[in-house]
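Participant: Need the 3D shape of this:
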Amino acid sequence: MIEDLHTAYWGRFGGGYRARRNFYFGFVMDLIDDMHHWYHSKGLKQAVVSKDCSGIHIHDSIVVLEKNKLYKPVHSNIA
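Facilitator: Below you'll find the predicted structure:
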């Protein structure tokens, strides 16, 4: 869990609305990109965390990272 995300909007903590230096949201965006690495060729940005992260749940001021074994997605056709 990552908590106190509301502080990422506060300038005195180095954040701000859509601030480039906003660690929390930049990190979470990296994890989202990593979760979808099957569909792009940019590689993993946060491999230590994302290699075992099967889900991301965002709530008010909290991000919950779901730890689980990852499986390559498959596509099924139903006739």
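
Participant: May I have the residues that are in contact with residue 9?
Facilitator: 15, 16, 17 (CB atoms under 8 Å, 6 or more residues apart in numbering). Any C-beta I mention is one placed from the backbone N, CA and C, and that applies to glycine too.

Participant: ok, now how distant is it from residue 43?
Facilitator: Separation of residue 9 from residue 43 (CB to CB, to the nearest Å) stands at 30 Å.

Participant: Repeat that for residue 5.
Facilitator: Counting by CB to CB, the gap from residue 5 to residue 43 is 26 Å.

Participant: And the two? Which one has more around it.
Facilitator: More crowded of residue 5 and residue 43, by other CB atoms under 10 Å: residue 5, with 18 against 9.

Participant: Spit out the contact partners of residue 43.
Facilitator: Counting by CB under 8 Å, 6+ apart, residue 43 touches residue 37.

Participant: what sits up against the longest helix along the chain?
Facilitator: Counting residues, the longest helix found in the chain (DSSP state H) is helix 23-35. Contact with helix 23-35 is made by 2, 5, 8, 14-15, 20, 40, 42, 44-47, 49-50, 53-56, 58, 63, 65, as judged by CB under 8 Å, 6+ apart.

Participant: could you point out which element follows that helix?
Facilitator: Scanning forward in sequence from helix 23-35 by DSSP states H and E, the next helix or strand is helix 47-50.

Participant: For residue 3, grab phi and psi.
Facilitator: Main-chain torsions, residue 3, degrees, to the nearest 10: phi -120, psi 180.

Participant: no no, residue 57
Facilitator: phi -120, psi 120.

Participant: By neighbour count, sort out the buried ones in the contacts of helix 23-35.
Facilitator: With burial judged by 16 or more other CB atoms under 10 Å, the buried subset of the contacts of helix 23-35 is 2, 5, 8, 15, 50, 53, 56, 63, 65.

Participant: Good, we can wrap up now.
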